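Novice: Please work out how this folds:
(2 chains)
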2 protein chains.
Amino acid sequence: MAEQLEFELTHQTLQEVSDAIENGRFVHVRRQLQDMEPEDIAHLLEASPHRSRDVLWQLTDPEDYGEILDELSEDIKDSIVSKMAPEKLAEATEGMDTDDVAYVLRSLPDDVSREVLDQMDSEDRERVEIALSYSEDSAGGLMNTDVITIRSDVDVDVVLRYLRMKGELPEATDALYVIDSDDKLIGHLSLTSLITAQTDVSITELMDDADEAISVDASATDVASLFERRNWVSAPVVNHENQLVGRITIDDVVDVIREDAEHSMMSMAGLDDDADTFAPVIKSVRRRSIWLGANVLAALAAASVSNMFEGTLAQMASVAVLMTIVPSMGGVAGNQTVALVIRGLALGHIGNTNQRSLLLKEASIGLLNGILWAIIIGGIVVIWKDSLILGMIMSAAMLANLLAAGIAGVTIPIMLKKMNIDPALAGGMALTTVTDMVGLSAFLGLATLMINLNLI
Amino acid sequence: MAEQLEFELTHQTLQEVSDAIENGRFVHVRRQLQDMEPEDIAHLLEASPHRSRDVLWQLTDPEDYGEILDELSEDIKDSIVSKMAPEKLAEATEGMDTDDVAYVLRSLPDDVSREVLDQMDSEDRERVEIALSYSEDSAGGLMNTDVITIRSDVDVDVVLRYLRMKGELPEATDALYVIDSDDKLIGHLSLTSLITAQTDVSITELMDDADEAISVDASATDVASLFERRNWVSAPVVNHENQLVGRITIDDVVDVIREDAEHSMMSMAGLDDDADTFAPVIKSVRRRSIWLGANVLAALAAASVSNMFEGTLAQMASVAVLMTIVPSMGGVAGNQTVALVIRGLALGHIGNTNQRSLLLKEASIGLLNGILWAIIIGGIVVIWKDSLILGMIMSAAMLANLLAAGIAGVTIPIMLKKMNIDPALAGGMALTTVTDMVGLSAFLGLATLMINLNLI
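Specialist: Take a look at the predicted model:
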C-alpha cells in the first residue's frame, strides 16, 4: 500500500520539485531527491521538460547515477551521458551489471567509451567489452555474465555450503547452472528445487536438462517471445559450442517486450520508439519533418489524381465537395487491417501458411462493410444533393475502395516485411496512398463517365 | 539453442499441421500435438484460421486444456470455452493457479460458471470464487492465493526444514512472506537470502520490511508499472487491514505490460486490444462497422465544410484539386503529436505540471514545420499551377493547419482523458476531424477571399 501511494504521488513530487527549481530552492530539491529510489528519479527525469533535467541531474546524488541511467529511455540517457566526463561515468557504472553498463556506454563515441573503459578495473573492463561486442538487439546484448555455476558430481549439501560461503547471489537468481569441465551447459537447478531437496541428494539427480538455453545470437525479440511463452524468470545463454556465456533476466526482457509493443504504435505515427516526450524542439522538428516530407509525396499523388479530373471538377462543384469522403473511409478501414496485420506479424502469428486465409477474410470484411456503407452513404448523398446518380457513384466508389482497402491492408505490410522494410513504419502511409488514389479515381472516374454520358 | 530452433519452427509446424488437417491425417496431427508444449499449441491456435481451431482443439490432449486456455488471448479463449461442457472445464482447470482458473471462467454466463464451480472440490472452489470477486483489471484479479508464509520468531534452519517437508513451492516463488498472528504482513524473505544465510540466524534479522506490498484494489496498469520500475519477480498483495491475501508473479504482469502497450496501437485503429487476427468475418464486420460509422460523421463534417465553399469550387477547379493537401499534412503532423501524448499519458509522464510546457513544445514544432512545408509546398503549387496567389494561399493554410495540429494534438488527448474517454480510442479521429476542418476552412476560405477580391 505504501508503494501504491508512492506511485500516485509521482506527479505531486514533480509539481513540488519543479516549483522548487523555479524558486531556486535547490537544497530542498536535493533533499527530496535523496529520499527517492533511483527508478523514481528516472521517472521524474522522463516527465520533466528538458530544461529542468540538467538541474535535476546536478542535484542528484552521484551514487545513484548508474542505476538512474540504466532506467532511462535511450534518448534521454544519451543526452545526459554525452555531457558527462569519462571518469564520472566510470565511477557511476561501478558495481552495475555488465549488460547495464554496456547499455549506458553504447551511444558514446568510440574514443570516449575507450576512456571510460580505461578507468575501470581490468576484470570489469573485460566483461563490459564482451557485452559491447554483441549487438544491442541480441541475446548477447541482453545477457549478464555474472552467473553462478556448479558441477553435477556434488550433492545438495555441498552446493548449499558453497552458496553460504559466497554470501550473496546475483539479482533475480532463480536457478544455478550445471556445467561440465569444458564449460558446456549440461543442466540447470532451480533454487526452489535446491531448497526443498534433501541435503544428500546429488545434483545429477536433481537438475533439469539444459534444453532451455538461448543462443547468444538470438534476436532480442525472439528472446522476449520465449520468455513470454515459457514464463521464465531467467534463462542461460550459450555460444555455438554450447558453452555457458551468460544469463538473461526477466527485468531486461520486460523492457524489450514494452519497446517491441510500443514500436508499432510509434512507428505508425512515424516516431522513434524511444522518442522523448519532452525533447528539445529543434531535434523534434528535424525528425518529424522527414515524415511530413514522405506525406507530401502521398498528398501530391492524391492531388495529381484529382488533377486528371479537373474538367469534371470544373463542371460540377458537388463532385468536389463529395470527393473526400470515399478516400477517408478507405483510409480508416484499411488502417484497421494494417494495424491487425502488423501486430500479427510482430507476434509471429502470420506466415506463409495463413496469409491466403487472412487475405480472404479481410477482403470479405471489406466487401461486406463496403456494401453496408455504400448503401448508407449513397442514401445520404441522394438526399443531400438530390441526385440519384451522384448517390450511385458514391456507393460504387465506396464499395470498390473498401474492398481495395481490405486487400491492400493485408498485402502491403506483408510485402514490406518481405522487402525488409518495417511494415509499422511504412505500412500506414503506403496504405493511405493506395486508398486515396483508388478512392479518388473511382469516384471522379465514375462521375466523369456519367457526365460524358450526359446522365448528370 | 534447442529452444531457439523450436521457436523458428513454429510456422513450419503450422504448415505441416494445416496440410495434415486438410488431408484428414488426424492421427498424425494428434501425435504432433502430443510432442508440443501447451504454450506452443496456444500459439498454433492463435495463428490458425478460425475454422481449423475446432479440429485442432479436438485433437489436443485434454490434459493440456487448462494450460492452453490460460495462454490464449481473450477473444479466442472465450470462443473455445463457450463450446465446452461444464464438467470438461472443471476437469481442465484442475491443478491450475486460481488466478488462471478465474481468467478461464470469467467470460462464462453466470449459470454455466456456477456449474463449473460446483464440480470443483470445495477448497479450490472457494479460492476461485475469491479470485472471481475481484475485477479482472485489479491486483486482486492478477494475484494468486497460493503463498508460502512463515513466522518471524523462527530461525533459518526451521524454515529450511519446513520447505523440505513441503517438497514443492508455487511457481515463480522468489520470496517467502512473514506474517504475524493476525495474518498481517510484516516482512518478506527472499529465497536467495534464505539460501545464503547461516542456519542459526533468526528470520527477524534476515527479513526485509514489508514496504513493497500492493493493495488488492490497485489497478493492473499500476501494478505493471511498479513491477517494471522495481524489477520485481513477485510481490505480496494485502487488503485494507494489511493482511496478506495473495501474491502477483511477473508472468502475469508481462501479459498486462504487453496488453497495455498494444492497447494504444489497436485502439488508435479502432480495434479491440485482443482482436483475434483470424476472427470469423461476421464478428469482425460488426465490430469494425462501428468505427467506420464514427468516421462517416468525421468525413461528412469535412464535406460540409467544402460544401460551404461550393461557389468557389464551381469557379475554380484547381482549388478543388489542391484542397486535399493541407488536411492531409495536418492529419499526419497532428497524429504524431497524438501518438506521443497518448504514450506519455499511458506511462504517467504527462500531468498537470508539464502540460503547458508540452503544449508550448508541440505548438513550436507545428509552427516551425509549418513554415518549412509552407515554403516547400507553396513553391510547388506556384510552379505546378503557375499562380503566385494560389501558392500563397496554400502556404498560409499549411502554416495555420500545422500549428493547429500541434495544439490540438496535445489538448485533445488530455481533454479526453479528463472526460474519462480513452484518448487512444477517440484521439486520432477527433484530431483528424479538427485538422480536416481547419485545413479545408483555411484553404477554401482564403481562396474565396482572393476570388472575391478579384486577385485570382
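Novice: Surely residue A:55 and residue A:22 touch.
Specialist: No - with contact defined as C-beta atoms under 8 Å, residue A:55 and residue A:22 do not form a contacting pair (10.0 Å). (Each C-beta comes from the backbone N, C-alpha and C, glycine too.)
Novice: for chain B, what are the nearby residues on the stretch 51-200 of chain A?
Specialist: Residues of the stretch 51-200 of chain A lying close to chain B by C-beta under 8 Å from any C-beta of the partner chain are A:71, A:160, A:163-164, A:166-169, A:171-174, A:191-192, A:194-198.
Novice: Got a quick ChimeraX command for the buried subset of the residues you listed?
Specialist: To isolate the buried members of those in ChimeraX, using 16 or more other C-beta atoms under 10 Å in any protein chain shown:
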select /A:71,160,163,169,172,173,174,191,192,194,195,196,197
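Novice: if we can go back for a sec, neighbour count winner among residue A:55 and residue A:22?
Specialist: Remark: of residue A:55 and residue A:22, residue A:55 carries more neighbours, 16 against 9, as counted by other C-beta atoms under 10 Å in any protein chain shown.
Novice: Check which helix or strand that one maps to.
Specialist: Taking DSSP states H and E as the criterion, residue A:55 maps to helix A:50-59.
Novice: Likewise for residue A:236?
Specialist: Taking DSSP H and E as the criterion, residue A:236 maps to strand A:234-238.
Novice: Run through the neighbouring helices and strands of that strand.
Specialist: Here strand A:234-238 touches strand A:185-190, strand A:214-215, helix A:220-230, strand A:244-249, going by 3 or more C-beta pairs under 8 Å, 6 or more residues apart in numbering or on different chains; DSSP states H and E.
Novice: follow-up on the earlier one: send me the helix holding residue A:55 as CSV with only the CA atoms.
Specialist: Provided in CSV are the C-alpha atoms of helix A:50-59 (Å, rounded to 0.1, in the frame of the first residue of the first chain):
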residue,chain,number,x,y,z
HIS,A,50,14.2,19.0,-20.9
ARG,A,51,15.4,22.3,-19.5
SER,A,52,14.9,21.1,-15.9
ARG,A,53,16.7,17.9,-16.5
ASP,A,54,20.2,19.3,-16.2
VAL,A,55,19.4,21.0,-12.9
LEU,A,56,17.8,17.8,-11.6
TRP,A,57,20.8,15.8,-12.6
GLN,A,58,23.2,18.2,-10.9
LEU,A,59,21.2,17.9,-7.7
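Novice: Who are the packing partners of that helix?
Specialist: helix A:10-22, helix A:26-34, helix A:38-46, helix A:74-81.
Novice: And the contacts of the first one?
Specialist: What it means is helix A:10-22. When contacts are defined by C-beta atoms under 8 Å, 6 or more residues apart in numbering or on different chains, helix A:10-22 is touched by residues A:26, A:28-29, A:32-33, A:36, A:40, A:43-44, A:47-48, A:52, A:55-56, B:348, B:351-354.
Novice: 6 Å instead, please
Specialist: Contact with helix A:10-22 is made by A:28, A:29, A:47, A:52, A:55, B:351, B:353, as judged by C-beta atoms under 6 Å, 6 or more residues apart in numbering or on different chains.
Novice: Over to the shortest one?
Specialist: Applying C-beta under 6 Å, 6+ apart, the set of residues contacting helix A:74-81 from outside is A:69, A:107, A:274, A:276.
Novice: buried ones in that helix?
Specialist: Neighbour-count burial for helix A:74-81, counted by 16+ other C-beta under 10 Å, picks out A:74, A:75, A:76, A:77, A:78, A:79, A:80, A:81.
Novice: can you give me the strands for the stretch 51-200 of chain A?
Specialist: Assigned by DSSP state E, counting those that start in this stretch, the strands in the stretch 51-200 of chain A fall at A:149-150, A:175-179, A:185-190.
Novice: and these, which is most packed in?
Specialist: strand A:175-179 (a mean of 24; mean count of other C-beta atoms under 10 Å in any protein chain shown).
Novice: strands paired with that strand, and their directions?
Specialist: Partners of strand A:175-179 in the sheet, by DSSP bridges, are strand A:149-150 (parallel), strand A:185-190 (antiparallel).
Novice: Distance from the first one to the middle of the chain?
Specialist: Spelled out, that is strand A:149-150. Computed by C-alpha atoms, centre = their mean, to the nearest Å, the chain-centroid distance of strand A:149-150 equals 35 Å.
Novice: can you check stretch A:350-359 too?
Specialist: 24 Å.
Novice: CA atoms only: put that stretch into PDB for me.
Specialist: C-alpha atoms of stretch A:350-359 as PDB (Å, rounded to 0.1, in the frame of the first residue of the first chain):
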ATOM      1  CA  ILE A 350       1.200 -14.600 -39.700                       C
ATOM      2  CA  GLY A 351       3.300 -16.700 -42.100                       C
ATOM      3  CA  ASN A 352       3.100 -18.300 -45.500                       C
ATOM      4  CA  THR A 353       0.500 -20.800 -44.400                       C
ATOM      5  CA  ASN A 354      -2.200 -18.500 -43.300                       C
ATOM      6  CA  GLN A 355      -1.700 -15.400 -45.500                       C
ATOM      7  CA  ARG A 356      -4.200 -16.500 -48.000                       C
ATOM      8  CA  SER A 357      -6.900 -17.200 -45.500                       C
ATOM      9  CA  LEU A 358      -6.200 -13.800 -43.900                       C
ATOM     10  CA  LEU A 359      -6.400 -12.100 -47.300                       C
END
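Novice: and it, does that touch chain B?
Specialist: Yes - part of stretch A:350-359 sits close enough to chain B to count as contact by C-beta under 6 Å from any C-beta of the partner chain, namely A:351, A:353, A:354, A:357.
Novice: any chance of the residues you listed in JSON lines, with distance to residue B:394 and secondary structure too?
Specialist: As requested, those are exported to JSON lines (distance: C-beta to C-beta, whole Å; DSSP: H, G, I helix; E, B strand; the rest coil):
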{"residue": "A:351", "distance to residue B:394": "45", "secondary structure": "coil"}
{"residue": "A:353", "distance to residue B:394": "49", "secondary structure": "coil"}
{"residue": "A:354", "distance to residue B:394": "46", "secondary structure": "coil"}
{"residue": "A:357", "distance to residue B:394": "46", "secondary structure": "helix"}
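Novice: export the helices and strands packed on strand A:234-238 to a markdown table and tack on distance to residue A:390?
Specialist: Below are those laid out as a markdown table (distance: least, C-beta to C-beta, whole Å):
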| stretch | distance to residue A:390 |
| --- | --- |
| strand A:185-190 | 71 |
| strand A:214-215 | 62 |
| helix A:220-230 | 50 |
| strand A:244-249 | 62 |
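Novice: do you know which of these lies nearest residue A:435?
Specialist: Within the helices and strands packed on strand A:234-238, the stretch nearest residue A:435 is helix A:220-230; the backing value is 29.6 Å (C-beta to C-beta).
Novice: got the buried residues for that closest one?
Specialist: For helix A:220-230, burial by neighbour count (16+ other C-beta under 10 Å) applies to A:220, A:221, A:222, A:223, A:224, A:225, A:226, A:227, A:228, A:229.
Novice: confidence score at the fifth one?
Specialist: Note for residue A:224: predicted pLDDT of 92.
Novice: I'd assumed residue A:254 was in contact with it.
Specialist: No - counting by C-beta atoms under 6 Å, residue A:224 does not reach residue A:254; the two are 8.5 Å apart.
Novice: for the residue of chain A positioned farthest from its centre, helix, strand, or coil?
Specialist: For chain A, the residue at maximal distance from the C-alpha centroid (C-alpha atoms, centre = their mean) is residue A:454, at 55.1 Å. Three-state call for residue A:454 (DSSP: H, G, I helix; E, B strand; the rest coil): coil.
Novice: got the contact list for it?
Specialist: With contact set as C-beta under 6 Å, 6+ apart, residue A:454 has no partners.
Novice: again with residue A:267
Specialist: Residue A:267 sits next to A:424, A:425 when contact means C-beta under 6 Å, 6+ apart.
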